[in-house]
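Peer 1: sharing a model prediction with you, sequence too.
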Amino acid sequence: MAILYFLIWIILNGRITLEIVIFGILISLAVSLFSRKVMGYDASNNDRILRNLPLLTKYVAVLILEIIKAAFNVMKAAVSPGLKPDPVIVTFHSGLPSKFQNVLLANSITLTPGTFTLELEGDRFVIHCLRSEYAEGMEDSVFVHLLEKLK
């Protein structure tokens, strides 16, 4: 984790000098120690994060693509006189076992234009959709399939 903090330090500084490197190492180690002692960070999470990094990268790419597609659909519905909002509230169970997976799914749904997570309880979701077709296949979405693969 200290290496990640150091890389962020270097990126945010925008230049590399001996002073920046030395301070970066010291600050990165201090923040890493703080994370372990005060915030209860467990170093065993590093393995899980690294193991799931390709999947999480793919997830972010799919999320960005879905946000763009949904934004165009919402814009089309907003400017087309024939496409009126047909709001609907949907309830479904994701079947995802962990709180992290369900929270990530809820946030992804909310980030996608035209949908909003109203409630999350366990793996039960209550979603508001701007149009009824946005609700179709939500429990079997690409997000759910990708999150099921997380270890």
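Peer 2: It's in. In this text the structure is predicted, and so the values were computed from the model without any measurement.
Peer 1: tell me the residue furthest from the middle of the chain?
Peer 2: Most distant residue from the mean C-alpha position of the chain: Leu18, 35.8 Å away (C-alpha atoms, centre = their mean).
Peer 1: next, it: phi, psi?
Peer 2: phi -60, psi -40 (degrees, to the nearest 10).
Peer 1: please name the nearest non-neighbouring residue to the residue nearest the centre of the chain.
Peer 2: For the chain, the residue nearest the mean C-alpha position is Leu104 (4.9 Å; C-alpha atoms, centre = their mean). Distance criterion C-beta to C-beta, 6 or more residues apart in numbering; nearest residue to Leu104, sequence neighbours excluded, is Leu147 at 6.3 Å. Where you see a C-beta, it was placed from the backbone N, CA and C, and this is true even at glycine.
Peer 1: from Leu130, how far off is that neighbour?
Peer 2: Applying C-beta to C-beta, to the nearest Å, the value for Leu147 to Leu130 is 23 Å.
Peer 1: and these two? Which one has more around it.
Peer 2: Higher neighbour count among Leu147 and Leu130: Leu147, with 23 against 20, using other C-beta atoms under 10 Å.
Peer 1: give me the below-cutoff pLDDT ranges for this protein.
Peer 2: The chain contains residues with pLDDT under 70 at 43, 45.
Peer 1: circling back: thinking the residue nearest to Leu104 is in contact with Lys99, fair?
Peer 2: No. Checked against C-beta atoms under 8 Å, the pair Leu147 and Lys99 is beyond contact range at 11.9 Å.
Peer 1: what's the longest helix seen in the chain packed up against?
Peer 2: When the chain is parsed with DSSP state H, its longest helix is helix 44-79. In this structure, helix 44-79 packs against helix 99-111, helix 142-148, with contacts taken as 3 or more C-beta pairs under 8 Å, 6 or more residues apart in numbering; DSSP states H and E.
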